[in-house]
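Participant: just coords:
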């Protein structure tokens, strides 16, 4: 078939779906943007309800929500959809009634302001760890504002290179103009996976599996020894690589024989009750299934400070799902998390995460991508574990008398910690503590970026990015690594063979034991 | 309230870092917060002090901007450059410069200029602090400006410059070849050479365009080039540095008498930059230098790395990615804490003194819209004409009033309110946040940051210690 026929077919298919935006009317002439995804509220998930943004002409809304059976909606008049979207309902073009700041309709995911804020300084490209090692990756500026703009006037596909973005989100804190780059990437990636990726492809299946780590970890944790035995087999690694494209170069993480939640139940829950000082612990999947010692350290440290710890039911924070464009999955998990955490906040708790990607997800990606009741409250009440203590407790005073026995750590700040302004806190917290050295191994990215470095085709890129960190770790005095991020820890261990610990574990040694 | 420091510096650019270092040298406890990663990555890496004294409007650029009712800007005075949309552009007098010595021209700057507030000594001390903490820079041996070719083909008077540009100085009379790359469209080597020639430089100069040794896509990022040279990656079997030299070598005779020095756009390595230049020079048999580029700028990134290492060495704690969104103050305007946004939650950072170095109109430390001009963090008073058409003149390169917009301060750099009284007694303002300088025309941005950063940081620390 020829190109134009393909296009027509796909448009028909898309328009059959209830929440598909209408295509451009071929007769509407150049310069008329279609009512884009960006002009709608968050659209992901099966229970999405269309809510028209304020000021949007009602006839367009109706057509957007209920496309007519016989194709794309016709333009009702020049006033409903104008070039640039000026709100000129009623045909009033008197400049006196024309307010410059209200020209564009803004929905929850209107990325126009962000795109307009980009003045193409390319600082984001310079901060991108992927572009530095792979010149075929066009960089965050293209993936974000440029691609967004390209899509305004014609129905362009999302460039497949969006899947090469590792979602480290460094571009967010690099941008001097506060362009919401990672939000744009998440949106584009979601659209790419939803509309362009073959659902039966190995890549899709593999990404779905990787991003739903929690699902498989939950099964594996029922029989952790068997699971560790199976995942440790070279045949498993071989099959993972050949059948799924999961790199055979890495060893699967061990599952704990007792999950954090099992430990929590067995211990009888909270040992401290204090209605005035409550925290709800969002342990995330990895602390639960793989490194419960991190979760236990969190509980013991917080109880030592007199906090009542709550451990509400929870699912995946969504980080691996965002990175793989599986936004419907992420949304489903977010519904549970937000509901449970809102309830905990209602009981006076703040939300504490020990994984910096979990805390970033709850704080930034949730409100950016989803519209759920209470989601802003969750974002506003969420903190990283060490961060919260530094804000609310006299941590320096508590650590003044602590003595540790001469340990040195090679500390790596995860990119997602960097994005929350937390890159320096571990180093700073222990700077004056006797008997411990926390040495920062520099500001490079570890390269693994969650599921990214697990993909066979990304493994080499991942290791190239990580090379600088490995080198600096080797140069550092200590031969134990430290980081807040579970997958950075995997990469650090993989590249150096070091044991890796979480700052909470060091805090536990200093304050509790 | 657990996050405390003696001096809290807001802003991670040259002024903020200088203020933090100057305060730390006084022995107080210093913390620096920055909204974003340091915008030094957008800077050329050149450190200018004062290159020109531009002509200012007959009213000294002060009409309206000083809220001075005694000399309102009017149209019927023929000595005034008209403001926007009035009567068109009049002749713009040439600026005084390029200056040989930045220090002795400071007295000729308009009153209210930051240099006039802190004096030439503060500039000297700021440069001395810079020389002390930043390795690999030149120019500290003399008070005189160096003349550094830019990627626009102009020559910029500069007080300090990275060693990587040293072989390119325009005062040197050796024949020069400038190399550009087909894929790097923003750097036109032939135009750079033609403009240098037109400027009357005392040496023969030619520009050539070569293809970067294959293996890279046309739109590869400058960081990719820099990394390949840093690691001397193999490009089709040849080490990158040798491959690059081989591409340039056939063109060495493009300039009369053969090139004694070869200029490249500034992507010659990052961490290993000196080794990259030395290797290229060895292969080419000529000196090799960089021509600073627009953003994103590797010399700027290298400078940021050195300055932040210096913060570490000085024991200054810093955080980036955390914007200041509000403050808590006493009725007298004594700022007790700044509210820092942590992804939606406002966290108080307590301090005894604050240095505000958040940038100017470009850096978003000064904000403007149709309603007016303001300083968004503390709401410091920013004098400006009420009438928006008084903010700018028709001549794009003329004496633009907006270029001097910023917070006005007393001699201790404390911000002044509309009545000329100190608005926040324990706050100092530094860098581009201060009004009164047209740093783009003066070529004084870095010097103003160093001089006022030093003065602000030190004064804040001394007050705290007292």
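Facilitator: All right, it came through fine. Note that the structure is predicted; figures quoted are calculated from it, not measured.
Participant: Report the spatially nearest residue to residue A:255, omitting neighbours in sequence.
Facilitator: residue A:224 (4.0 Å; Cβ to Cβ, 6 or more residues apart in numbering or on different chains). (Each C-beta comes from the backbone N, C-alpha and C, glycine too.)
Participant: Tell me the confidence at the one you found?
Facilitator: pLDDT recorded at residue A:224 is 89.
Participant: Same question for residue A:68.
Facilitator: Residue-level confidence at residue A:68 comes out at 41, pLDDT.
Participant: and what of residue A:112?
Facilitator: Per-residue pLDDT puts residue A:112 at 79.
Participant: Could you do residue A:90 as well?
Facilitator: Listed pLDDT for residue A:90 reads 47.
Participant: Residue A:103 now?
Facilitator: 42.
Participant: which outside residues touch the strand ranked longest in chain A?
Facilitator: Across chain A, the strand with the greatest residue count (assigned by DSSP state E) is strand A:403-411. By Cβ atoms under 8 Å, 6 or more residues apart in numbering or on different chains, the residues outside strand A:403-411 that reach it are A:426-427, A:433-441, A:472-473, A:476-483, A:492, A:498, A:501, A:506, A:509-510.
Participant: hmm, which of these are the buried ones?
Facilitator: Among the contacts of strand A:403-411, those classed as buried by 16 or more other Cβ atoms under 10 Å in any protein chain shown are A:426-427, A:433, A:436-441, A:472-473, A:476, A:478, A:480-483, A:492, A:498, A:501, A:506, A:509-510.
Participant: re the thing from before, what about the contacts of strand A:403-411, which are in helices?
Facilitator: Taking DSSP state H as the definition of helices, the contacts of strand A:403-411 contribute A:426, A:427, A:472, A:473, A:492, A:506, A:509, A:510.
Participant: Which residue ranges of the stretch 51-200 of chain B form helices?
Facilitator: B:114-133, B:189-198 (DSSP state H, counting those that start in this stretch).
Participant: which residues does the residue nearest to residue B:93 when sequence neighbours are not counted contact?
Facilitator: Closest residue to residue B:93 apart from its sequence neighbours, by Cβ to Cβ, 6+ apart: residue B:55 at 4.0 Å. The contact partners of residue B:55, taken as Cβ under 8 Å, 6+ apart, are B:92, B:93, B:94, B:95, B:96, B:399.
Participant: In the longest strand of chain A, which residues are buried?
Facilitator: Going by neighbour count (16+ other Cβ under 10 Å), the buried part of strand A:403-411 is A:407, A:408, A:409, A:410, A:411.
Participant: How much space separates the closest residue to the fourth one other than its chain neighbours from residue A:204?
Facilitator: Among residues not flanking residue A:410 along the chain, residue A:476 sits closest, at 3.8 Å (Cβ to Cβ, 6+ apart). The gap separating residue A:476 from residue A:204 is 40 Å, by Cβ to Cβ, to the nearest Å.
Participant: Surely residue A:300 is in contact with residue A:509?
Facilitator: No: using Cβ atoms under 8 Å, residue A:300 makes no contact with residue A:509, being 10.3 Å away.
Participant: before we move on, the earlier item: mind checking which of the contacts of strand A:403-411 land in strands?
Facilitator: Using DSSP E, those in strands are A:434, A:435, A:436, A:437, A:438, A:439, A:440, A:480, A:481, A:482, A:501.
Participant: mind checking how far the closest residue to the fourth one other than its chain neighbours is from chain B?
Facilitator: Among residues not flanking residue A:437 along the chain, residue A:408 sits closest, at 4.3 Å (Cβ to Cβ, 6+ apart). The spacing between residue A:408 and chain B, counted by Cβ to the nearest Cβ, to the nearest Å, is 17 Å.
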